[in-house]
Structure formats: C-alpha cells, structure tokens
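S.K.: Just the structure for this:
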Amino acid sequence: MVCAIEYQGNIVGVSGFNTILPNLKKADIGYWLAAEHQHKGIITRVCRALIQYAFDELELEIVTITPATENAASRAVCERLNMTFEGIIPHAENIDGVLLNHAIYACYK
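M.R.: Take a look at the predicted model:
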C-alpha cells in the first residue's frame, strides 16, 4: 500500500507499507519525503496514522520501520514514535555498491 503525502495542498512525498504479512500479523512502513519538507514532523504524523491503521483496520500486531543505521533523521522518527529498537541487520541494502546496515524498530499492539 503506497500513499501520497500531501502538505499544504502539494504532494511532498510518499509513504505506506512496504510489506503487509497478514499471516504473521505484521507490516513494515517505508517513506520518502522531499528535502524541503523534512524536519516539520510530517513523517512522524504519517507513520503514527499508518501504525493506527495497521492495528485498528488491518488487525495486525507488529509494525516495523527499518532505516539505515546512518539515517539519524529516520531513526529519530522511530524514537519519537516510542518504537522499540530490536537490533541491526548487517548488509541489508546495497546502494550503488555501498552496503548499508539497517536498524530494526518495532511497535506492538
């Protein structure tokens, strides 16, 4: 599920569930926000709404966000959402030959 993020009448990014696994009762949130709209609390509000939707409408029990360990802004979003830091996935992503580790954050119904 991918949704546009609208802010002050303009599309400024996208967010949604990268995966929804009903049989495991879990989903993973992903997002992208234009640089000029970052640090305004938009992503935190969007993720809060997605988490509530996952729990209330989809009847899931776990929602995760897995930012790159070096992505301090996304890790701060997880912390503002009071998500639990679960650990690190080494070499989780390859971006132009650079191997990135991911931090795993989860919240539970």
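
S.K.: for this structure, what spans make up the strands?
M.R.: For the chain, applying DSSP state E gives strands covering 2-7, 10-21, 26-33, 62-65, 84-95, 98-108.

S.K.: what pairs with the fourth one, and is each one parallel or antiparallel?
M.R.: Pairing partners of strand 62-65, with direction, according to DSSP bridges: strand 26-33 (parallel), strand 98-108 (antiparallel).

S.K.: May I have the beta-bridge partners of residue 103?
M.R.: Per DSSP bridges, the residues bridged to residue 103 are residue 88.

S.K.: Enumerate every residue touching it.
M.R.: By C-beta atoms under 8 Å, 6 or more residues apart in numbering, the residues touching residue 103 are 66-69, 75, 78, 85, 87-88. For every residue, glycine as well, the C-beta is placed using N, CA and C.

S.K.: which one of those residues is nearest residue 11?
M.R.: Minimum distance to residue 11 across these is 22.2 Å, recorded for residue 67 (C-beta to C-beta).

S.K.: residues in contact with that closest one?
M.R.: By C-beta under 8 Å, 6+ apart, the contact list for residue 67 reads 74-75, 77-78, 102-103, 105.
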